[in-house]
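Chemist: Based on what follows, work out the 3D shape:
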Amino acid sequence: MEQKEGPRVALSLHAAFEQASDAMFLCDRDSIILDVNPAFTKIYGYTRQETIGQKPRMLRSRHSTNDLYERMWGSLMDPGKGHWRGRLVNRAKDGREIPVILTITAVREPGGGLLGYVANAVDITDQLALLERVAQSEALAGLGEMAAVVAHEIRNPLGSIVMAAKQLAADSHLGSEDRETVLRVLRDESRRLNETLTSFLAYARPRELHLAPGDLNALVEETCRMVQSNRDLLRGNEVRTRLDRNLPAFPMDVDQVRQVVWNILLNAVQAIGDRGAVTVETEHRPGEAVIRVLDTGPGIAPDARAAIFKPFFTTKRQGTGLGLAIAERVVKAHGGRIEVDSAPGRGAEFLVHLPLVEA
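Modeler: Predicted coordinates for the structure are as follows:
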């Protein structure tokens, strides 16, 4: 009976391979492609004859780093794991870039010997296009609100600047102390205006990710030192770091992740008042890097916690309410997420999860 079932199972598996809507290919132990299914030829544009005998790197795009492939092969060759799954961008025959969710599994004999590899790629081009259209619709819906907030946030410092400039021009006999006061208003309000415009531009025109292997620990240390060196910002508070030295370098947009750390850290320092502390930690977890920012401040009220990532929401007397919105957008673009745990009277904890695979 088992002898009769064997060929039937083999035929069923081959039919599933041929009829699958996802691109599939089969490699031998040396990573030479032995077969591809019709979905593969449709998605990538190569014929079966052009593909068999080649290596999967024929699909490699400019977005795939050497570090990504090293981690991929590390997972495949690990007998305890034997598979790799992640999101990456492949290149079709005509040069088109195709985002996919790729799963590669090592195929082994019962005794553990390696036979080859089978790969399954899900084309997510349509899903990403839909997400982009939704994002564009949301952006248009918020355009009116943004215009109102921009007008308000610019009008106040601009009015102060105009008044100070008029005072300088109208009264040439200002004493040194009064003159210094007026100049300080000009400096402070100009800086505030520049920060406001910078935040709006960062939110309105998000930059494309430029991924390269980055050292998260070094990034966190650098950002914390910037805050620690600013006495006016610290106001007697303390910023501590606790870093996981086992955390490997991984693909990220270093500048944008630095902005995430800065925005969350700045919020924490401003929230704790005087004589408090903020601790910034990193942690290496399976498949992800985690940044934890804890503060000893008053905590976040439940109604505010539900809205802190919404654009223009702020509890500060001055502020655009875009810092956390920008941070969340950057983290999501990396394929990660931000979690918040807080309650009135017991401080706040922000957890930033970043995947250790290509975003």
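Chemist: hey, C-alpha coordinates of the helix or strand where G86 lies in PDB?
Modeler: Counting by DSSP states H and E, the element that carries G86 is strand 83-91. This file holds the C-alpha atoms of strand 83-91, laid out as PDB (Å, rounded to 0.1, in the frame of the first residue of the first chain):
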ATOM      1  CA  HIS A  83      14.900  27.900   7.300                       C
ATOM      2  CA  TRP A  84      14.900  31.700   6.700                       C
ATOM      3  CA  ARG A  85      12.000  34.100   6.200                       C
ATOM      4  CA  GLY A  86      12.100  37.800   5.500                       C
ATOM      5  CA  ARG A  87      11.100  40.700   3.300                       C
ATOM      6  CA  LEU A  88      13.400  41.800   0.600                       C
ATOM      7  CA  VAL A  89      13.400  43.200  -2.900                       C
ATOM      8  CA  ASN A  90      14.300  41.000  -5.900                       C
ATOM      9  CA  ARG A  91      15.100  42.100  -9.500                       C
END
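Chemist: Now it: buried residues?
Modeler: W84, G86, R87, L88, V89, N90, R91 (16 or more other C-beta atoms under 10 Å). Every residue, glycine included, has its C-beta placed from N, CA and C.
Chemist: Show residues contacting that strand.
Modeler: 44, 59-64, 68, 71-72, 75-76, 97-106, 121, 124, 335, 355, 357-359 (C-beta atoms under 8 Å, 6 or more residues apart in numbering).
Chemist: One more: stretch 282-289?
Modeler: 216-217, 220, 242-244, 246-248, 250, 290-292, 336, 353-357.
Chemist: Past the lengthiest strand in the chain, which element shows up next along the chain?
Modeler: When the chain is parsed with DSSP state E, its longest strand is strand 97-108. The helix or strand immediately downstream of strand 97-108 is strand 114-123, counting by DSSP H and E.
Chemist: List of residues touching that next one?
Modeler: Contacts of strand 114-123 (C-beta under 8 Å, 6+ apart): 20, 22-29, 31, 34, 40, 43, 56, 76, 90, 98-109.
Chemist: one step back: next, the angle strand 97-108 makes with the strand holding G86.
Modeler: 150 degrees (axes from the mean of the first three to the mean of the last three C-alpha atoms, to 10 degrees).
Chemist: returning to what we had before: pick the one among the buried residues of strand 83-91 closest to I308.
Modeler: R87 (27.3 Å; C-beta to C-beta).
Chemist: Can you check the pLDDT for the closest one?
Modeler: R87 is assigned a pLDDT of 88 by the prediction.
Chemist: Give the bridge partners for it, please.
Modeler: For R87, the beta-bridge partners are I101 (DSSP bridges).
Chemist: Can you check what angle separates the longest strand of the chain from strand 114-123?
Modeler: 150 degrees.
Chemist: Mind checking the pLDDT average for strand 97-108?
Modeler: 92.
Chemist: ok, now stretch 134-149?
Modeler: Rounded mean pLDDT across stretch 134-149 is 66.
Chemist: now stretch 243-253
Modeler: 92.
Chemist: Narrow the contacts of strand 114-123 to just the buried residues.
Modeler: 22-27, 40, 43, 56, 76, 90, 98-100, 102-104, 106.
Chemist: all helices for this protein, in order.
Modeler: With helices called from DSSP state H, the chain shows them at 2-19, 38-44, 48-51, 66-77, 125-141, 143-170, 176-204, 216-228, 231-234, 254-271, 302-305, 323-333.
Chemist: Read off the pLDDT value for A164.
Modeler: 72.
Chemist: That one and L186, how far apart?
Modeler: 5 Å (C-beta to C-beta, to the nearest Å).
Chemist: ditto for S176
Modeler: For S176 relative to L186 (C-beta to C-beta), the value is 16 Å.
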